[in-house]
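> Sequence isn't available, so here's the structure alone:
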């Protein structure tokens, strides 16, 4: 059973500072954990212009996102092979023309644990097809968590979000 989430109420569970991309039977969810979310940041999440892009380095997907006003480009690492259950079975076989993944974006104030904003974005067909291709490939990989963590640490020391953006495979804006 899923929790009912409401803006202005406590978010269930602990959210760390930073971003996290999750996938389950309801689709992709991008969670931003930020301390003291401002009114401008809240507006950016709720109704501002967004940019979503995908970049891949050393087999790790970086989900790049920006919400204006207020939220600069952020990079969120993701690897479907890290899931030890069979949730990849929920991935569609293909993305039809004119269709795409939905993305639920949530902003949680880490200082208070309160859900400050929630938004649902329809990702472009082109970005969704690339995301599906990467996720299907990753789902077939047996990922060593320790090795993954070390590789990710090295990449995050080497690249900031704006550096990763130079390697973008695809992007969509809205």
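Cool, the structure landed. Since we're looking at a predicted model, the values are computed, not measured. Numbering: from 1, shown residues only.
> buried sites along the host helix or strand of residue 62?
Assessed by DSSP states H and E, residue 62 sits inside strand 60-68. By 16 or more other Cβ atoms under 10 Å, the buried positions in strand 60-68 come out as 60-67. (C-beta placed from N, C-alpha, C; glycine too.)
> would you turn these into CSV with distance to residue 118 and pLDDT?
Below are the buried residues of strand 60-68 laid out as CSV (distance: Cβ to Cβ, whole Å; pLDDT from 0 to 100):
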residue, distance to residue 118, pLDDT
60, 27, 96
61, 23, 97
62, 23, 98
63, 18, 98
64, 20, 98
65, 15, 98
66, 18, 98
67, 13, 98
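> Serialize those to a markdown table and add fields for distance to residue 77.
Formatted as a markdown table, the buried residues of strand 60-68 follow (distance: Cβ to Cβ, whole Å):
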| residue | distance to residue 77 |
| --- | --- |
| 60 | 5 |
| 61 | 7 |
| 62 | 6 |
| 63 | 8 |
| 64 | 11 |
| 65 | 12 |
| 66 | 16 |
| 67 | 19 |
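> Closest one of these to residue 134?
Using Cβ to Cβ, residue 61 comes nearest to residue 134 of the buried residues of strand 60-68, at 5.3 Å.
> who's in contact with the residue nearest to that closest one when sequence neighbours are not counted?
Among residues not flanking residue 61 along the chain, residue 78 sits closest, at 4.7 Å (Cβ to Cβ, 6 or more residues apart in numbering). Shown in contact with residue 78 (Cβ atoms under 8 Å, 6 or more residues apart in numbering): 21, 23, 60-63.
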